[in-house]
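Trainee: Take a look and give me a structure for this.
(one chain, ligands or ions: 2)
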Amino acid sequence: MTLRLGIVLPTYNERGNLRGMVERLDAALAGIAWEVIVVDDNSPDGTADEARAIGREDPRVRVIQRIGRRGLSSAAIEGMCATAAPVVAVMDADHQHDPALLPGMLSAIESGDYDLAYASRFAEGASTEAWGRPDRVKASGLANRIANKVTGVELTDPMSGYFMLRSEVLRADAHRLSGVGFKILLDILATVEQPLRIKEVPMHFAARADGESKLDRTVVFEFLVGLYDKWLGRIIPTRFALFGTIGALGVVVHMAVLAMVLGLFGAEFAVSHYPKETAFIAGQTTAALVAMTFNFVLNNELTYADKRLRGFLPLLTGWVRFLLTCAFGLLANIGAATALVRIGFNPYPAAIVGIVLGSVWNFALSSKFVWGKY
Ligand code: GDD
Ligand code: MN
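Mentor: Ligands and ions are numbered 1, 2, ... in the order given. Modelled structure (predicted):
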């Protein structure tokens, strides 16, 4: 039997769901030669070990274990590129996607009439009641409407995580996919140049079996980041844009704290019209520390959500490293601005150059020193 279908299961902490998934795939795909590629981001619950244990008994189950990486999209892309099968599917490993839909999607593609088939939660005949997440249904509805506007492709559920396509279509454009976030189908739709003939299959979206959702907290945020990445990501890299935006918010925080501290020394302020130098130093120092901490927390939650530091000690070390990084960034900032003023620049553009330089420095260094492997 020649291999007809590769199924990619991206996983993060899905140990309890894997064995059941493979059994259901086996039952649904009787008579079809298939393989499963579990792409696991080194889950702490030992999902990859479980996948290998299953694979020893059933060689159709293969594992890609990624170290130091996170992300549903990039995991799906790597999995799809790792199969020899002519057709490849991606689905949740948590039993929310019914494997019984696979044969129908496969025949749609093998018939040659369609390039891509996907299961929709919102098509005629689909349902999301069993999911038990009306909040997510709402968020998806909103995201879907924006996505349709952006891609110009009218689908009822471009955010779906359950789809299938000819693997050569994927490989042809894999290098152009953004790979950021979770909206892999949307990414494919927005990237592939040739118009795709798409088959939509309604699905009854089930509740997750074991474990918990990884996409809960930041679905809408991730979606917006994904859109940005697609549009402007090539001009100003997404992470830097986030880092810069948070930095700008940090300036606002800084000013607010400074005003508060100066307010505490209000009496002197009113008499002399200038705060005493000690008041200013106290204010400026407190403000800088608060603003840097604010930036650290936000960058940890958003810019580096995929590498988020957790736990007291990692957070503390990360925070100290971030402060150090910013200290050096400030030196670069002041050094460059001063040098420019010395050679006759107007102070304001010089200050801007200093700020940009300092930010690039902070970004470059903290991506390695705080959130990377140093
Ligand atoms: N390798 C890897 N890395 N896998 C991941 C990661 C990651 O960072 N994050 C999530 N996954 C895996 C999960 O283990 C699961 O098998 C699948 O990707 C989907 O994640 P869920 O945590 O189950 O997402 P969900 O069910 O809340 O979200 C559903 O709706 C989204 C659109 O709103 C899913 O159907 C998504 O596929 C869909 O995009
Ligand atoms: Mn799920």
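Trainee: Any idea how many residues pack against the residue lying closest to residue 32 once chain neighbours are set aside?
Mentor: The spatially closest residue to residue 32, leaving aside those adjacent along the chain, is residue 4, at 5.4 Å (Cβ to Cβ, 6 or more residues apart in numbering). In short, each C-beta sits where N, CA and C put it, glycine included. Counted by other Cβ atoms under 10 Å, the residues lying close to residue 4 total 17.
Trainee: can you list contacts of stretch 164-177?
Mentor: 5-6, 73, 77, 80-81, 83, 85-90, 102, 105-106, 109, 115-118, 184, 187-188, 191-193, 196 (Cβ atoms under 8 Å, 6 or more residues apart in numbering).
Trainee: Give the ChimeraX command for selecting the buried subset of these.
Mentor: The following ChimeraX line selects those of the contacts of stretch 164-177 that are buried, judged by 16 or more other Cβ atoms under 10 Å:
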select :5,6,73,77,80,81,83,85,87,88,89,90,102,105,106,109,115,116,117,118,184,187,188,192,196
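Trainee: that older thread, and the residue nearest to residue 32, backbone torsions?
Mentor: phi -110, psi -30 (degrees, to the nearest 10).
Trainee: Inside strands: which ones of the contacts of stretch 164-177?
Mentor: Per DSSP state E, strands hold the following members of the contacts of stretch 164-177: 5, 6, 87, 88, 89, 90, 116, 117, 118.
Trainee: Return the member of those residues nearest to residue 67.
Mentor: Using Cβ to Cβ, residue 90 is the member of the ones in strands among the contacts of stretch 164-177 that lies nearest residue 67, at 21.4 Å.
Trainee: Can you tell me how far the closest one is from residue 1?
Mentor: In this view, residue 90 and residue 1 are 23 Å apart by Cβ to Cβ, to the nearest Å.
Trainee: Include distance to ligand 1 when you put the ones in strands among the contacts of stretch 164-177 into JSON lines, please.
Mentor: Converted to JSON lines, these look like this (distance: Cβ to the nearest ligand atom, whole Å):
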{"residue": "5", "distance to ligand 1": "18"}
{"residue": "6", "distance to ligand 1": "16"}
{"residue": "87", "distance to ligand 1": "19"}
{"residue": "88", "distance to ligand 1": "15"}
{"residue": "89", "distance to ligand 1": "12"}
{"residue": "90", "distance to ligand 1": "8"}
{"residue": "116", "distance to ligand 1": "15"}
{"residue": "117", "distance to ligand 1": "15"}
{"residue": "118", "distance to ligand 1": "11"}
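Trainee: Which members of those are the farthest-apart pair?
Mentor: Taking Cβ to Cβ, no two of the ones in strands among the contacts of stretch 164-177 sit farther apart than 6 and 118, at 16.0 Å.
Trainee: Stretch 194-203 near ligand 2 at all?
Mentor: No. Figure legend: stretch 194-203 not in contact with ligand 2 (Cβ under 5 Å from the ion); closest approach 12.3 Å.
Trainee: Mind jotting down where the strands sit in the chain?
Mentor: Counting by DSSP E, the strands of the chain are 5-11, 34-40, 61-65, 87-90, 116-120, 163-166, 198-202.
Trainee: Output the ones you listed as TSV; include the columns mean pLDDT.
Mentor: As requested, those are exported to TSV (pLDDT from 0 to 100):
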stretch	mean pLDDT
strand 5-11	98
strand 34-40	98
strand 61-65	98
strand 87-90	98
strand 116-120	97
strand 163-166	97
strand 198-202	96
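Trainee: Tell me which residue is most central in the chain.
Mentor: Among the residues of the chain, the one closest to the centroid is residue 181, at 2.7 Å (Cα atoms, centre = their mean).
Trainee: Which residues belonging to the helix of greatest length in the chain are considered buried?
Mentor: Longest helix of the chain, by residue count under DSSP state H: helix 312-342. Under the neighbour-count criterion of 16+ other Cβ under 10 Å, helix 312-342 has 318-319, 321-322, 325-326, 329-330, 332-333, 336-337, 340 buried.
Trainee: Please work out which residue of the stretch 201-350 of the chain is closest to ligand 1.
Mentor: Here the residue of the stretch 201-350 of the chain nearest ligand 1 is residue 213; by Cβ to the nearest ligand atom that distance is 3.3 Å.
Trainee: excluding its backbone neighbours, what's nearest residue 157?
Mentor: Nearest to residue 157 is residue 120, by Cβ to Cβ, 6+ apart, at 3.9 Å.
Trainee: Isn't the one you found up against residue 199?
Mentor: No. The criterion here is Cβ atoms under 8 Å, and residue 120 misses it with residue 199 at 10.3 Å.
Trainee: What is the burial count for residue 152?
Mentor: Based on other Cβ under 10 Å, the number of other residues close to residue 152 is 8.
Trainee: and what of residue 100?
Mentor: 12.
Trainee: and if you look at residue 201?
Mentor: 20.
Trainee: so who does it touch?
Mentor: For residue 201, the contact set (Cβ under 8 Å, 6+ apart) comprises 101, 104, 105, 108, 117, 118, 119, 120, 123.
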